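>>> Sequence isn't available, so here's the structure alone:
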């Protein structure tokens, strides 16, 4: 699960730096690779440039 807070996202990136995440086709997604988006003014998220 992706952390919601910006300070926790850095630790998540260090722990999961060797993993890749993908937008699920079976869930109606685009199938593109996801990247983490760091925000300090709202909840952090995963994003795909293909969607």
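Looks like it came in fine. Treat the numbers as computed from the prediction; the structure is a model and nothing was measured.
>>> so how far is residue 36 from residue 43?
12 Å (Cβ to Cβ, to the nearest Å). Using the backbone N, CA and C atoms, a C-beta is placed for each residue, glycine as well.
>>> Quick check on the two: which one has the bigger neighbour count.
Higher neighbour count among residue 43 and residue 36: residue 36, with 16 against 11, using other Cβ atoms under 10 Å.
>>> State the three-state secondary structure for that one.
Classification of residue 36 using DSSP: H, G, I helix; E, B strand; the rest coil returns strand.
>>> in terms of contact, does it touch residue 12 like I think?
Yes. Residue 36 is in contact with residue 12 according to Cβ atoms under 8 Å; the separation is 7.3 Å.
>>> number of nearby residues for residue 34?
Count around residue 34 with other Cβ under 10 Å applied: 20.
>>> for it, what are its contacts?
Neighbouring residues of residue 34 by Cβ atoms under 8 Å, 6 or more residues apart in numbering: 21-23, 46-48.
>>> now residue 5
Counted by Cβ under 8 Å, 6+ apart, residue 5 has contacts residue 44.
>>> any idea how far residue 25 is from it?
For residue 5, the distance to residue 25 - Cβ to Cβ - is 30 Å.
>>> Could you do residue 51 as well?
11 Å.
>>> did I read that right, residue 7 in a strand?
No. Applying three-state DSSP, one finds residue 7 to be helix, outside a strand.
>>> Just give me the neighbour total for it.
By other Cβ under 10 Å, 9 other residues sit near residue 7.
>>> per-residue confidence at it?
pLDDT for residue 7: 84.
>>> So what's the residue count around residue 1?
Residue 1 sits with 4 neighbouring residues when counted by other Cβ under 10 Å.
>>> oh sorry, the question was meant for residue 41
5.
>>> hang on, it is in a strand, isn't it?
No. With three-state DSSP as the criterion, residue 41 is assigned coil and is not in a strand.
>>> just the strands in the chain please.
Ranges of strands in the chain, per DSSP state E, are 21-22, 33-37, 45-48.
>>> which neighbours does the second one have in its sheet, and in what orientation?
Pointing back at strand 33-37 there. Strand pairing for strand 33-37, using DSSP bridges, gives strand 21-22 (antiparallel), strand 45-48 (antiparallel).
>>> Cheers, nothing more for now.
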